[in-house]
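[1] got a predicted structure plus its sequence, pasted below:
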Amino acid sequence: MRKTTFILPVIVVVIAAILSSIYIVDEREKALVLQFGQIKAVKTDPGLAFKIPMIQEVVRYDDRILSLSTKEIEVTPSDDRRLVVDAFARYRISDVKQFRQAVGVGGIRAAEDRLESILNAQVREVLGSDQVTSNTILSSDRANLMIRIRDQARARALPLGIDVVDVRLKQTNLPEQNLEATFARMRAEREREAADEIARGEEAALRVRATADRTVVELVSDASRDAEITRGQADAKRNNIFAQAFGQDQEFFEFYRSLAAYRTALQGSNSTMVLSPDSDFFDYLKSDQPK
Amino acid sequence: MASNNGGPWGGGGGRDDGGDKDRGQNGGGDGGRRPSEPQLPDIDQIVKKGQDQLRVLMGGRGGGNGGPGSGEGPRFTRNTAFFGLLAVIALWAFASFYTVKPEEQSVELFLGEYSQTGNPGLNFAPWPLVTVDVIPVTREQIEDIGVAQGTRGESGLMLTTDENIVDIDFQVVWNINDPAKFLFNLRDPQATIRAVSESAMREIIAAAELAPILNRDRGLIANQAQELIQITLDSYDSGMNVVRVNLDKADPPREVIDAFRDVQAAEQERDRLERQADAYANRVLAGARGEAAQQLELAEGYRASVVNQAEGEASRFLAVLDEYRLAPEVTRKRLYLETMEQVLGNVDKIIIDEQSGGQGVVPYLPLNELRKSSTAGGNN
């Protein structure tokens, strides 16, 4: 009886001591063991570890990649155009000891403030440097610029115990004031294009009409020429036919044709003939004997 | 390993038994927890009871020791202990077994350290040594980017390389290809993929010209973006996989879209003008072809008519000539008289005998007047 009453509290204390002397570091974490504020151990591998209970405390830091977005800043590339830029960084705490020493108890939040100012400075510096114009930013060179910003930011952030994994620009936009001007320019470009379209349409239409008109004249005159040729051939043929027929007896032809001509020429009542009774027609008008 | 680490709990109960090794081996993990549970009543009693129960449970030797002490007590405690143990085991099993659905995978951490990835089905992770995170792996997750979001409604506006502004909305569809990396490497995967996607799209748009973005390069841009996002995510070892990028909208900004529509209208106007001209050309050309054909046909008709007429006349003449040759004098005279008969029959005639008048015809001109006066004079 006496023995058990003595043993039990001991057991409880022992358990408590053991429990508070072990700690588990997760795969996602790194831990610092502090003894009265002094860094005694750094635990970066996940798993079980031991510390002195009561005296030492464990501070855990995230070992995953953390994110940070900067606020929009206006930068002035070397061609003096202003651009609104924001960036984001991915970083991880690489050296917890250094991180703790640099940042103190502020932890991640304090680190973010420092990192953001580093980023802003590097973004300004790189995008404002000599050869960088707004055209460079708005081109495929942007990737190189981002790499430069990352490398510079990484060098600056290293003393904080932070490894900057990546810095990327997000927005690179025009400031509000310039936006309207850009819209106006875009509208003007479109208007120019629209006017150009219509003018080209009219040009093409005129061209088509003119070609058509010309083709019409060509076609019709071509046909007229062929028609005249045909008519000429017809007339020639007619002459030839007449010549062959009438040539057989020219004297009779003259007589015959004259008669036919008189018949048609003297048709109708509008002709008046003044005749002498001596004409051949009247041979038998005065006598029954031939002259 | 497991029973060693369980020591802090199991050890307490075990030591209490005075180094009973059998018991320590078999029930260390579970039985050990019991003593600390009901602390309020009489601790000594409970501890003693616990000892008895355990001894009974362990069988032969334990039962032999406790046997003489009491006949009923052990039987009662034996049942309670048995069911208690069962309940504890059931609870423990409930906490240790877990299911993974077909679209999921689990990540098991042994004392915080990555041990393995669990596949769909029933999995076992002995509590409390192993902790588990179950993650939907194959399920596609969608991020809409550029769509007007709260305060910053114009976040879809991007600047192109020719300094035009284009309004782009797109979707990134992603899933997880490595749950362990996904869990361990990124604190905020969703925000990361959003930021990476926006950055990648802006980078691509910043290197592209406006006109192709609006129409023919849309597919190309989606592919480039997918590639770039994936490369960036891989560089973070994120365990994320971009399934596809859908370019929902790539339009001119609202402020200038009317001007773009005007261009479209102008394009159609141009088309209309050209088509009208084509219609005119078609109409006029067809007319001209018809006219040309008409002229040619007319000429052919003329040829036919002239030749036919000539042939007819010639043949008529020849026929008459043949007859004339048979009897020239008579025919000649007959033809002459017949013609004159016809001609003079239709014609006004004035017959003047020159011999009687003596002065010929000339003084009586103009003859029309003469004819009128002569008729009047005739009346007189």
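    Nice, thanks for sending it over. The shown structure was predicted, so the numbers you read here are calculated from the model rather than taken from an experiment.
[2] from here on, contacts and neighbour counts on C-alpha atoms
    Noted.
[3] can you read off the pLDDT for the closest residue to chain A within the stretch 1-150 of chain B?
    In the stretch 1-150 of chain B, the residue found nearest to chain A is B:Gly112; the distance is 3.9 Å by Cα to the nearest Cα. For B:Gly112, the model assigns a pLDDT of 79.
[4] same question for the one 4 residues further on.
    We have a pLDDT of 83 for B:Gln116.
[5] before we move on, what about the one 5 residues further on?
    Confidence per residue is given as pLDDT, and for B:Gly121 that number is 86.
[6] which one of the residues in the stretch 251-380 of chain B is closest to chain A?
    Residue nearest to chain A within the stretch 251-380 of chain B: B:Arg270 (4.0 Å; Cα to the nearest Cα).
[7] the helix or strand hosting that residue packs against which elements?
    For B:Arg270, the host element (DSSP states H and E) is helix B:257-326. Counting contacts by 3 or more Cα pairs under 8 Å, 6 or more residues apart in numbering or on different chains; DSSP states H and E, helix B:257-326 packs against helix A:176-246, helix B:328-346.
[8] can you do 6 Å?
    helix A:176-246 (3 or more Cα pairs under 6 Å, 6 or more residues apart in numbering or on different chains; DSSP states H and E).
[9] re the thing from before, list the contacts of the residue of the stretch 1-150 of chain B closest to chain A.
    A:25-27, A:46-47 (Cα atoms under 6 Å, 6 or more residues apart in numbering or on different chains).
[10] filter those residues down to the ones near chain B?
    Counting by Cα under 6 Å from any Cα of the partner chain, A:25-27, A:46-47 from the contacts of B:Gly112 sit close to chain B.
[11] what two of those residues have the greatest distance between them?
    Using Cα to Cα, the pair of the ones next to chain B among the contacts of B:Gly112 lying farthest apart is A:Glu27 and A:Gly47, separated by 7.7 Å.
[12] overlap of the contact sets of these two?
    Shared contacts of A:Glu27 and A:Gly47, counting by Cα under 6 Å, 6+ apart, come down to B:112-113.
[13] which one's more surrounded, those two?
    A:Glu27 (24 against 17; other Cα atoms under 10 Å in any protein chain shown).
[14] doesn't the more buried one belong to a helix?
    No: counting by DSSP: H, G, I helix; E, B strand; the rest coil, A:Glu27 is not found in a helix; it is coil.
[15] who in the stretch 101-250 of chain B is up against chain A?
    So the stretch 101-250 of chain B meets chain A at B:111-113, B:159, B:161, B:184-187, B:199, B:206-207 (Cα under 6 Å from any Cα).
[16] then the helix or strand hosting B:Ile204 to CSV, C-alphas only?
    Using DSSP H and E, B:Ile204 maps to helix B:189-206. Taking C-alpha atoms only, helix B:189-206 is exported to CSV below (Å, rounded to 0.1, in the frame of the first residue of the first chain):
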residue,chain,number,x,y,z
PRO,B,189,-0.6,25.6,-53.3
GLN,B,190,-3.8,27.3,-54.5
ALA,B,191,-2.5,30.8,-54.2
THR,B,192,0.7,29.6,-55.8
ILE,B,193,-0.8,28.2,-58.8
ARG,B,194,-3.0,31.3,-59.2
ALA,B,195,0.0,33.6,-59.0
VAL,B,196,2.2,31.5,-61.2
SER,B,197,-0.6,31.2,-63.8
GLU,B,198,-1.2,34.9,-63.9
SER,B,199,2.5,35.7,-64.1
ALA,B,200,3.0,33.1,-66.9
MET,B,201,0.0,34.4,-68.9
ARG,B,202,1.2,38.0,-68.5
GLU,B,203,4.7,37.0,-69.5
ILE,B,204,3.4,35.4,-72.7
ILE,B,205,1.0,38.2,-73.5
ALA,B,206,3.8,40.7,-72.9
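[17] buried stuff in that helix?
    B:189, B:192-206 (16 or more other Cα atoms under 10 Å in any protein chain shown).
[18] what of stretch B:346-355?
    For stretch B:346-355, burial by neighbour count (16+ other Cα under 10 Å) applies to B:346-348, B:352.
[19] do stretch A:263-280 as well
    Buried residues in stretch A:263-280 (16+ other Cα under 10 Å): A:263, A:266-267, A:272, A:275-278.
[20] okay, and for chain A, where does confidence drop off?
    A:1-4, A:268-270, A:290-291 (pLDDT under 70).
[21] nearest to A:Lys237 among the contacts of B:Gly112?
    Nearest to A:Lys237 among the contacts of B:Gly112, with distances taken as Cα to Cα, is A:Glu27, at 115.0 Å.
[22] wait, that closest one sits on A:Pro46?
    Yes: the criterion here is Cα atoms under 6 Å, and A:Glu27 meets it with A:Pro46 at 5.0 Å.
[23] list residues touching both of the two?
    Residues touching both A:Glu27 and A:Pro46 by Cα under 6 Å, 6+ apart: B:112-113.
[24] one step back: wait, the residue of the stretch 251-380 of chain B closest to chain A touches A:Ala199, no?
    No: contact between B:Arg270 and A:Ala199 fails when scored by Cα under 6 Å: they sit 7.7 Å apart.
[25] with neighbour numbers in mind, choose between these two.
    More neighbours surround B:Arg270 than the other of B:Arg270 and A:Ala199, with 24 against 16 (other Cα under 10 Å).
[26] ok, now which ones touch the more buried one?
    For B:Arg270, counting by Cα under 6 Å, 6+ apart, the contacting residues are A:197-198, A:201.
[27] closest one of those residues to A:Ala143?
    Nearest member of the contacts of B:Arg270 to A:Ala143, counting by Cα to Cα, is A:Glu197, at 37.4 Å.
[28] tell me who's in contact with the closest residue in space to B:Ala125 that isn't next to it in sequence.
    Spatial nearest neighbour of B:Ala125, excluding adjacent residues (Cα to Cα, 6 or more residues apart in numbering or on different chains): B:Ser96 at 4.9 Å. Neighbouring residues of B:Ser96 by Cα under 6 Å, 6+ apart: B:124-127.
[29] show me which residues of the stretch 101-250 of chain A are close to chain B?
    Residues of the stretch 101-250 of chain A lying near chain B (Cα under 6 Å from any Cα): A:138-140, A:169-170, A:173, A:187, A:190, A:194, A:197-198, A:201, A:205, A:208-209, A:212, A:216, A:220, A:223, A:227, A:230-231, A:234, A:238, A:242, A:245.
[30] can you select the buried ones from these in PyMOL?
    Here is the PyMOL command that selects the buried residues among these (16+ other Cα under 10 Å):
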select buried, chain A and resi 138+139+140+169+170+173+187+190+194+197+198+201+205+208+209+212+216+220+223+227+230+231+234+238+242+245
